[in-house]
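Colleague: Build me a model:
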Amino acid sequence: MARLVLWDIDHTLIDTGGVGRELSAAAFHEVTGQAMERQAKVDGITESVIFRETARLHGLTTDRRTFERFAHALTEQHLKRAGDLRERGHALVGAATALDALAADPALTQSVVTGNVRAVAKIKLQVFGLDRHIRWDCGAYGEEHDERADLVGLALERADTAAADAVLIGDTPADVGAGNQQGVRVLAVASGRSNEEELRRAGADIVLSSLEDSRLLVKLVHGRDDAT
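Modeller: Below is the predicted model of the structure:
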């Protein structure tokens, strides 16, 4: 029986409808003084790496202090434009029901492993009403490690949970790889840019097309991968 579910956020629970990139661009300009002409790869990557590599694409070298300024600016942008995020973005089909269904088991803790910085992660889920079952103190966030696998390990440590008792739910091969490196069972959802076959090839234990069937999801989280 699983004791801990670690959720990815973007394209697993929500879609920002393009607002996320706009807010990143505004924060990037505020901190660097340059317009964000291009952005580094974002799928499954932590915010600290995205910022560093995006800056490099613009001929800039950054340090930890610069990233911290960017993280603060990004948080402020999300606060200021929460209405835009709510209007143009959306919770993915089945996300709210899935969170509620898992919360019905009092022995199960739900948290997040996300490339977002913690403050932004909280805003994103609050905007769409998906935050009420999340134990933020058991999660791990994009300002804490560059590598996603290290974030999974940090979340396990914070939740005082063995890898065998955890399930990671995400939408990218990076999510799958991070879970595999830490020995965590991975339930992948083809709700982002990666299709079901790509997620299987990456090593996901289970692949779903969406979170729509919450009864099936609960069975799979608890290890019944023969559930129908």
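Colleague: okay, now the domains of this protein?
Modeller: The record's domain split for the chain, according to automatic domain parsing, is 4-16+90-221, 19-87.
Colleague: which of those is buried the deepest?
Modeller: Among those, ranked by average contacts under mean count of other CB atoms under 10 Å, first place goes to domain 4-16+90-221 (a mean of 20). For the C-beta atoms, the positions are set from N, CA and C on the backbone; glycine is no exception.
Colleague: Wait, a strand at Gly44?
Modeller: No: checked against DSSP: H, G, I helix; E, B strand; the rest coil, Gly44 lies outside a strand; its state is coil.
Colleague: who's in contact with Arg81?
Modeller: 19, 22-23 (CB atoms under 8 Å, 6 or more residues apart in numbering).
Colleague: swap in Asp171?
Modeller: Residues near Asp171 by CB under 8 Å, 6+ apart: 8, 11-12, 188-194, 199.
Colleague: Closest one to Gln182 out of the residues you listed, please.
Modeller: Set against Gln182, the nearest of those by CB to CB is Asp8 (14.2 Å).
Colleague: Asp175 is in contact with the closest one, correct?
Modeller: Yes: Asp8 lies in contact with Asp175 (CB atoms under 8 Å); the separation is 5.3 Å.
Colleague: Mind listing the shared neighbours of those two?
Modeller: By CB under 8 Å, 6+ apart, the residues touching both Asp8 and Asp175 are 113, 168.
Colleague: a strand runs through Ile169, doesn't it?
Modeller: Yes: when three-state DSSP is applied, Ile169 is found to be in a strand.
Colleague: just for the chain, where's the confidence low?
Modeller: Where the chain drops to pLDDT under 70, the residues are 1, 224-228.
Colleague: what about the strands in this protein?
Modeller: Taking DSSP state E, the strands of the chain run over residues 4-7, 14-15, 90-91, 109-112, 166-170, 185-189, 206-208.
Colleague: To Ala82, which of those lies closest?
Modeller: Smallest distance to Ala82 across those (CB to CB): 12.8 Å, for strand 14-15.
Colleague: who's in contact with the lengthiest helix in the chain?
Modeller: Identified as the longest helix of the chain according to DSSP state H is helix 64-80. Around helix 64-80, the neighbours that count as contacts under CB under 8 Å, 6+ apart are 23-24, 26-28, 30-32, 47-48, 51-52, 55, 85, 117, 119-120, 123-124, 143.
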